[in-house]
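Student: Need the 3D shape of this:
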Amino acid sequence: MSTSTRVAAKNRMGIGSLATGTYAMLGVLVLFVILPHFIPGYYVGVLTRVIIFAIFAIGLNLLMGYTGLPSLGQGAYFGTGAFGVGVMTVTYNVPHPIGMVGAVVIAGLMAAVYGLVALRARGAYFLLITMALTLSTWAIAFTWRSLTGGEDGFPGVTRPGFLPWSLTSEVNYYYFTLFFLVAAVVAFVLIVRSPFGLALQGIRENEQRMRSLGYNTWLYMYIAFIMAGVFGGVAGVLNAYSVGAISPEWTNILPSAEVLLMVILGGPGTIIGPLVGAGAIIGASEILNIHFPERWIMFLGGGYIVFMLFARDGMVGLVRRLLRRWSKR
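Tutor: You can find the predicted model right below:
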């Protein structure tokens, strides 16, 4: 069977999985709408963090799960979006809507510049280049004290107010971030179901074959790289408002590795995988940190290793396999 035929067959089979994943995501979003009315206020804040990192992971899922480019550079755009909105709204008193859009645009422009460098390589070299670019961004944020505050961070980020709603309330801000999650999911589904998204999946399967069919594979990957940076910028903006202060560590390798694990654990190349991965990792971190404050990272790391040994296609893939076995029985 030729590569193009194999890709077409996988895409046809993927239509059903895509529809199933879309319906599952809609069900989860409905659950997220009603949850704040039944849980304590602290857990509303935890769910807000899950939503923000789910948006962050959706961008990487487009790059990794659908294009086949695992990256350790997403923290650069996450931190840039956060610092962008902080500097514009606090230092220069720019109105919040303009500051939010401007910060996301800056993150996208940074991804456009970094993509010119990173996409010169593939595989492990691509991963290392994106990591180096992230570390370079962290070095700039850490040393440019007059703009970012350096190691002290950037405090004083206030949440926007949209009359008659005040986002100082945790519940109101939760629904504010949920709106952006819904928008991100809709945009993501439209992208991956479009001819552009199908071409990305073809590149993931066999880049050389797609190139021989006349596709400008570099341009497709470059656009996906920028889109992933935009998603990261949106998540960074929302996280800055959520926390109220920005740390240079947001541009470091840790957020990049964390969101990479979210995509891998949830299920790369799926609609609901990023949300599942974000919920699993943040939820496990909260529980383990409460019960094992000194060893929670060790337990969390061990859990990742065990899970990856037995569910390499993520939690969504594991559930699918179990459902197939159950249906056969």
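Student: tell me what the helix or strand Arg325 falls within is packed against?
Tutor: Assessed by DSSP states H and E, Arg325 sits inside helix 314-328. Applying 3 or more Cβ pairs under 8 Å, 6 or more residues apart in numbering; DSSP states H and E, one finds that helix 314-328 contacts helix 253-266, helix 273-291. Just so you know, the C-beta spots here come from the backbone N, C-alpha and C atoms, and that holds for glycine as well.
Student: quick one: it to chain centroid distance?
Tutor: 24 Å (Cα atoms, centre = their mean, to the nearest Å).
Student: before we move on, what about stretch 298-313?
Tutor: Using Cα atoms, centre = their mean, the offset of stretch 298-313 from its chain centre is 20 Å.
Student: Pull out the buried positions in that stretch.
Tutor: Phe299, Leu300, Phe307, Ala311 (16 or more other Cβ atoms under 10 Å).
Student: What is the neighbour count of the closest residue to the third one other than its chain neighbours?
Tutor: By that I understand Phe307. Residue nearest to Phe307 in three dimensions, not counting chain neighbours: Leu265, with 6.5 Å by Cβ to Cβ, 6 or more residues apart in numbering. Residues near Leu265, counting by other Cβ atoms under 10 Å, number 25.
Student: follow-up on the earlier one: could you let me know which of the buried residues of stretch 298-313 ends up closest to Gly81?
Tutor: Closest to Gly81 out of the buried residues of stretch 298-313 is Leu300 (26.0 Å), distances taken as Cβ to Cβ.
Student: so who does the closest one touch?
Tutor: Counting by Cβ atoms under 8 Å, 6 or more residues apart in numbering, Leu300 touches Ile281, Ala284, Ser285, Leu288.
Student: quick one on the thing from earlier: the helices and strands packed on helix 314-328: which one's closest to Arg49?
Tutor: Closest among those, using Cβ to Cβ: helix 273-291, at 5.7 Å.
Student: rewinding a little: looking at the buried residues of stretch 298-313, which one is closest to Ala103?
Tutor: Taking the buried residues of stretch 298-313 together and measuring to Ala103 by Cβ to Cβ, the closest member is Leu300, at 30.4 Å.
Student: Distance check, the closest one against Ala284.
Tutor: 6 Å (Cβ to Cβ, to the nearest Å).
Student: With Ile290 instead?
Tutor: For Ile290, the distance to Ala284 - Cβ to Cβ - is 11 Å.
Student: for Tyr77, same thing?
Tutor: According to Cβ to Cβ, Tyr77 stands 25 Å off from Ala284.
Student: before we move on, the earlier item: now the buried residues of stretch 298-313 as TSV including secondary structure?
Tutor: Shown next, in TSV, are the buried residues of stretch 298-313 (DSSP: H, G, I helix; E, B strand; the rest coil):
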residue	secondary structure
Phe299	helix
Leu300	helix
Phe307	helix
Ala311	coil
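Student: Just name the closest of these to Leu238, please.
Tutor: Using Cβ to Cβ, the buried residues of stretch 298-313 come closest to Leu238 at Leu300, 23.8 Å.
Student: mind checking pLDDT for the closest one?
Tutor: Leu300 is assigned a pLDDT of 72 by the prediction.
Student: With distance to Tyr220 as extra columns, can I get the buried residues of stretch 298-313 in JSON lines?
Tutor: Compiled in JSON lines, the buried residues of stretch 298-313 are given as follows (distance: Cβ to Cβ, whole Å):
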{"residue": "Phe299", "distance to Tyr220": "40"}
{"residue": "Leu300", "distance to Tyr220": "35"}
{"residue": "Phe307", "distance to Tyr220": "31"}
{"residue": "Ala311", "distance to Tyr220": "30"}
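Student: from those, which is closest to Ala257?
Tutor: Using Cβ to Cβ, these come closest to Ala257 at Leu300, 12.3 Å.
Student: what's the spacing between the closest one and Ile246?
Tutor: Taken as Cβ to Cβ, the span from Leu300 to Ile246 is 25 Å.
Student: Next: Thr130.
Tutor: Distance from Thr130 to Ile246, counting by Cβ to Cβ: 22 Å.
Student: what does Trp165 give?
Tutor: The value you get for Trp165 to Ile246, if Cβ to Cβ is used, is 24 Å.
Student: of those two, who's got more company?
Tutor: Ile246 (28 against 13).
Student: who touches that one in this structure?
Tutor: Contacts of Ile246 by Cβ under 8 Å, 6+ apart are Gly79, Ala82, Phe83, Gly86, Thr148, Gly149, Gly153, Phe154, Val157, Ala240.
Student: Confirm for me that the third one is in contact with Ala141.
Tutor: Spelled out, it's Phe83. Yes: using Cβ atoms under 8 Å, Phe83 makes contact with Ala141 at a distance of 6.5 Å.
Student: Report the set of residues contacting both of the two.
Tutor: Listed as contacting both Phe83 and Ala141 by Cβ under 8 Å, 6+ apart are Thr148, Thr251.
Student: ok, the two, which is more surrounded?
Tutor: Per other Cβ under 10 Å, whichever of Phe83 and Ala141 has more neighbours is Phe83, with 31 against 28.
Student: Check which helix or strand that one maps to.
Tutor: Using DSSP H and E, Phe83 falls in helix 74-86.
Student: got the buried residues for the very next helix or strand once past that helix?
Tutor: Remark: after helix 74-86, the chain's next helix or strand is helix 96-118, criterion DSSP H and E. For helix 96-118, a neighbour-count test (16+ other Cβ under 10 Å) marks 96, 99-100, 102-104, 106-111, 114-115, 118 as buried.
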